[in-house]
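In: Sequence and predicted structure are below.
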Amino acid sequence: MPPSSPDEATLRQALAAAPDSLDALMDLANHLVDLKRLGEARTYYERVFALFPDYPGIWHKHGVLLMWEQREAEAERHLRRALELNPSFSRARFSMSYLLLRQGRFEEGWLAMESRPLSVALSASVTEPRWQGESLAGRSLLIGQEGGFGDMLQLCRYVPILKSRGAARVGLLCQPALERLLDTVPGLDLALAKGTPLPDRDWDLWTLPFSLPHHLGTRLDTIPASIPYLRAAPGLVEAWRPRLDGKTLRVGLAWKGDPRFENDRDRSLPHLRTFAPLAALDGIRFVSLQKGVGEDEDPPPGLDLLKAGPWVKDFADTAALMETLDLVIAVDSAAAHLAGALGRPCWILVPHYKADWRWLTDREDSPWYPTARLFRQGPGETWDEVMPRVVSALTRFQAPGLASGGGSARLDAR
């Protein structure tokens, strides 16, 4: 057991002073879950069940833990019990959305997603009503920024559908690093960095990205996956080619996501050195797609890696770089979503614990991104144990005579 942190010591002192305290038991159990000491956490959750069997919070928290462990039938029973005890428990309903969406049960899942905590920045800055799925014929719609870079890259695909439903004008607020790239979304009238004053034009309605699949009736078999729906500027693409001169296979690597994300310690690789087994393959030029966190990490010996970060200002530059690559290998991060949106072959490393809903359950492909292949951790596996499967697949991918430079790489590497 790792040494106790001061926070844990304080929590244990509070519990010792009040052994049957609901708050003390839950605080310590939740802290142990955060430390991924799940067996210890369950000991305290079980005490809460025994003392407070009708407390909705314990059914919710334990249900979420079961969901992260992919014990989904048990998780659903727990979450539904929490909602039986408290039908207005919006946090439990939001957690249920993750479970349902991961199982492809989209109708109930998207509706449950509407219980999520909403971004208030947009709703506080506009006076128009929020779109509830009514006709858009002849009306203008402003889509706010919600979630991280990957969420915006995934959900901007709905803009052309909004226009096909009759929307006269569609605007999209986004993070500044996405503004130049999202300006290429078909049918989008305005891409604007969040925080920039809105043009002096009225909007009839506003919405948020995660409400779009619900209001547009997305089901597992109707996911809009016409790719590419994002494109790199040709001039930016050509600027990369001199830096990637040569005939070797070109493979982009992204090994870390935003450290502020709730499961980053599970989805991100510990270090660039985790890719060390790839160095055994000859004839491959690897390209770092990292920008910010992890960008300065040194590659393992023998890995021929170009660090592209100094030339990257925003996602438009990264998109152009990806267009010159034959393959992208990425953790579950914005890089994976960008490669998928561009229609580039992409292998996505998916963690077992806290696997994201959008990769569904037990699939090696993604209906969101037809050019993606998923490499999933097994229960208890480390990323070091996943890498031999990546090396084996990359060996098969690296076929004699494969043209390099984007567009001709063979997707099927099974």
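Out: Ah, there it is.

In: For the chain, name the helix or strand with the lowest mean pLDDT.
Out: Taking mean pLDDT, DSSP states H and E as the measure, the helix or strand of the chain with the lowest value is helix 120-125, at a mean of 53.

In: Within its sheet, name the partner strands of the helix or strand following that one and how each one runs.
Out: Moving toward the C-terminus from helix 120-125, the next helix or strand (DSSP states H and E) is strand 140-143. Note on strand 140-143: by DSSP bridges, its sheet partners are strand 169-174 (parallel), strand 205-207 (parallel).

In: What ranges does the stretch 101-250 of the chain have for its helices?
Out: 106-113, 120-125, 149-155, 159-164, 179-182, 212-215, 234-240 (DSSP state H, counting those that start in this stretch).

In: which residues of this structure score low on pLDDT?
Out: 1-6, 119-126, 200, 247, 400-414 (pLDDT under 70).

In: and with 90 instead?
Out: 1-7, 69-70, 117-128, 194-203, 241-248, 260-263, 398-414 (pLDDT under 90).

In: tell me the domain ranges of it?
Out: 6-113, 120-222, 234-397 (automatic domain parsing).

In: quick one, what contacts the residue nearest to Lys354 when sequence neighbours are not counted?
Out: Excluding its sequence neighbours, the residue lying closest to Lys354 (C-beta to C-beta, 6 or more residues apart in numbering) is Asn263, at 3.7 Å. In this view, the C-beta of every residue, glycine as well, is placed from N, C-alpha and C. Contact analysis of Asn263 by C-beta atoms under 8 Å, 6 or more residues apart in numbering lists Pro351, Tyr353, Lys354, Asp356.

In: how about a cut-off of 10 Å?
Out: Applying C-beta atoms under 10 Å, 6 or more residues apart in numbering, we find Asn263 in contact with Trp68, Gly257, Asp332, Pro351, Tyr353, Lys354, Ala355, Asp356.

In: Out of those residues, give me the two with the largest separation.
Out: With distances taken as C-beta to C-beta, the most widely separated pair in these is Trp68 and Gly257, at 16.9 Å.

In: For the contacts of Asn263, which single residue is the most surrounded?
Out: Neighbour counts for the contacts of Asn263 (other C-beta atoms under 10 Å) peak at Asp332, which has 26 neighbours.

In: Now for the nearest residue to it once chain neighbours are set aside, how many residues are close by?
Out: The shortest distance from Asp332 to any non-neighbouring residue, by C-beta to C-beta, 6+ apart, is to Arg267 (4.6 Å). Residues lying near Arg267 (other C-beta under 10 Å) number 25.

In: in terms of contact, does Arg267 touch Ala334 like I think?
Out: No: look at Arg267 against Ala334 with C-beta atoms under 10 Å: they stay out of range, at 11.7 Å.

In: returning to that earlier point: deepest-packed of the strands paired with strand 140-143, please.
Out: Ranked by mean neighbour count, the strands paired with strand 140-143 are led by strand 169-174 with a mean of 24 (mean count of other C-beta atoms under 10 Å).

In: Any idea how far that strand is from the middle of the chain?
Out: 21 Å (C-alpha atoms, centre = their mean, to the nearest Å).

In: mind exporting that strand as PDB, just the C-alpha atoms?
Out: Extracted in PDB, the C-alpha atoms of strand 169-174 (Å, rounded to 0.1, in the frame of the first residue of the first chain):
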ATOM      1  CA  ARG A 169     -27.400  30.000 -40.500                       C
ATOM      2  CA  VAL A 170     -25.200  28.000 -38.100                       C
ATOM      3  CA  GLY A 171     -22.500  29.400 -35.900                       C
ATOM      4  CA  LEU A 172     -20.100  27.500 -33.700                       C
ATOM      5  CA  LEU A 173     -18.200  28.700 -30.700                       C
ATOM      6  CA  CYS A 174     -15.000  26.800 -30.000                       C
END
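
In: can I get the strands paired with strand 140-143 in JSON lines with distance to Arg102?
Out: Formatted as JSON lines, the strands paired with strand 140-143 follow (distance: least, C-beta to C-beta, whole Å):
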{"stretch": "strand 169-174", "distance to Arg102": "26"}
{"stretch": "strand 205-207", "distance to Arg102": "23"}
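
In: Please identify which of these is closest to Ala341.
Out: strand 169-174 (13.4 Å).
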